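# whatever this is, show me its structure:
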Amino acid sequence: MDWIQGTILGTVAVVLVLALGWLVGVHARKRGGGDRVVGLLKIAIAPLVRVYWGARFRGLERVPDPIPEPGLVLVCNHTSGLDPVLVNWGCNLRIRWMMSRAMMTPLLGPLWHRLGVLPIEFSERDRASVTEAIRILRAGGVVGIFPEGRIARPPEVVQPFQPGLGLLVARTGASVLLMHSQGPRPGRSTFGSLLRPCRARVTVVELIDYRDRGLKARAITEDLRQRLHRATGWPLEDISPEASLARD
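Have a look, this model is predicted:
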């Protein structure tokens with residue numbers, strides 16, 4: 001009889017493990033916006049997000065589900081290298097970030113590939129990444145942009161937005177999810193903030209559809225900058241090209 005009981009208990013244990021694995025897989029797929037691996041990464045770093053970085057999220061109910069047609073542009077200010085980690089963690093979306101090629105450490109190449117990062121060089125060679133971003137949006141995907149193009153120093157100012165933001169929205173008709181991040185402590189390097197504890201706050205401001213507003217690309221870019229300014233109360237900072245190059 002002992003072997004029968006052992007067999008039953010073993011079978012039950014196997015079933016429970018398989019059921020738990022299935023539930024984790026389903027949850028991971030949802031958290032990763034359909035990508036189970038990304039979802040598992042989000043689950044794994046939850047203690048870092050909630051405890052070490054002290055992240056709190058507001059307005060997540062405004063994140064659309066499902067994604068509105070023909071796609072979604074996620075726009076956020078840039079306080080540190082921690083921003084995309086927190087935004088990704090808070091949203092159950094598969095976000096394809098547009099990221100400066102200079103910030104893409106070769107050592108993390110497999111991660112950039114896994115996340116589908118679109119490298120940007122802020123030059124004429126941007127065309128390939130912009131074309132790919134347009135394709136992703138027209139296919140119903142999500143593209144994430146830090147339109148200031150650089151980390152704000154000092155923090156809590158709204159810098160000029162890159163004009164390509166409005167171009168993406170105007171060309172595709174995609175909706176815009178406007179967010180803002182504050183609290184991460186900038187490190188000496190771009191990713192130094194990941195090593196420092198903080199009290200991060202990520203807020204979803206609003207979901208905007210520009211299709212019936214009759215605005216051209218430049219006007220869309222400036223409208224989004226003004227919306228971020230009103231939502232945060234942070235001052236607008238105008239940076240000349242010469243000052244920008246000197247600071248970077």
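
# alpha carbons only for contacts and neighbour counts from here, please
OK.

# from what I can see Leu115 touches Arg96, true?
Yes - here Leu115 reaches Arg96: they are 6.7 Å apart, a contact under CA atoms under 8 Å.

# so between the two, which is more surrounded?
More crowded of Leu115 and Arg96, by other CA atoms under 10 Å: Arg96, with 22 against 16.

# distance of the more buried one relative to Pro70?
Remark: distance between Arg96 and Pro70 (CA to CA, to the nearest Å) = 15 Å.

# mind checking the pLDDT average for stretch 164-182?
Averaged across stretch 164-182, the pLDDT comes to 96.

# pull out the buried positions in it.
164-170, 172-182 (16 or more other CA atoms under 10 Å).

# with adjacent residues omitted, what lies nearest to Gln162?
Pro147 (5.3 Å; CA to CA, 6 or more residues apart in numbering).

# three-state assignment of that neighbour?
coil (DSSP: H, G, I helix; E, B strand; the rest coil).

# where does it land on pLDDT?
94.

# identify the residues contacting it.
Val75, Cys76, Asn77, Pro160, Phe161, Gln162, Leu165 (CA atoms under 8 Å, 6 or more residues apart in numbering).

# and for Ser129?
Met98, Leu118, Pro119, Ile120.

# alpha carbons only: can I get stretch 205-224 in PDB?
Provided in PDB are the C-alpha atoms of stretch 205-224 (Å, rounded to 0.1, in the frame of the first residue of the first chain):
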ATOM      1  CA  VAL A 205      -0.800  61.100 -17.900                       C
ATOM      2  CA  GLU A 206      -3.200  60.500 -20.800                       C
ATOM      3  CA  LEU A 207      -4.000  58.700 -24.000                       C
ATOM      4  CA  ILE A 208      -4.200  61.000 -27.000                       C
ATOM      5  CA  ASP A 209      -5.600  60.400 -30.500                       C
ATOM      6  CA  TYR A 210      -4.400  63.100 -33.000                       C
ATOM      7  CA  ARG A 211      -6.200  61.800 -36.100                       C
ATOM      8  CA  ASP A 212      -9.100  64.300 -36.000                       C
ATOM      9  CA  ARG A 213      -7.100  67.300 -34.700                       C
ATOM     10  CA  GLY A 214      -5.700  68.500 -38.000                       C
ATOM     11  CA  LEU A 215      -2.200  69.000 -36.500                       C
ATOM     12  CA  LYS A 216       1.000  68.600 -38.600                       C
ATOM     13  CA  ALA A 217       4.100  66.800 -37.300                       C
ATOM     14  CA  ARG A 218       5.800  69.900 -35.700                       C
ATOM     15  CA  ALA A 219       2.600  70.900 -34.000                       C
ATOM     16  CA  ILE A 220       2.100  67.400 -32.600                       C
ATOM     17  CA  THR A 221       5.600  67.400 -31.200                       C
ATOM     18  CA  GLU A 222       5.100  70.800 -29.500                       C
ATOM     19  CA  ASP A 223       1.700  69.900 -28.200                       C
ATOM     20  CA  LEU A 224       3.100  66.800 -26.500                       C
END
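
# buried residues in that stretch?
Applying 16+ other CA under 10 Å to stretch 205-224 flags Val205, Glu206, Leu207, Ala217, Arg218, Ile220, Thr221, Glu222, Leu224 as buried.

# in helices, which of those fall?
Ala217, Arg218, Ile220, Thr221, Glu222, Leu224 (DSSP state H).

# dump those into a markdown table; add distance to Trp234 and pLDDT as well.
What follows is those, written out as a markdown table (distance: CA to CA, whole Å; pLDDT from 0 to 100):
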| residue | distance to Trp234 | pLDDT |
| --- | --- | --- |
| Ala217 | 24 | 95 |
| Arg218 | 21 | 95 |
| Ile220 | 19 | 97 |
| Thr221 | 17 | 96 |
| Glu222 | 15 | 97 |
| Leu224 | 14 | 98 |
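
# and the residue nearest to Gln162, how far is that from Asp223?
With distances taken as CA to CA, Pro147 is found 12 Å from Asp223.
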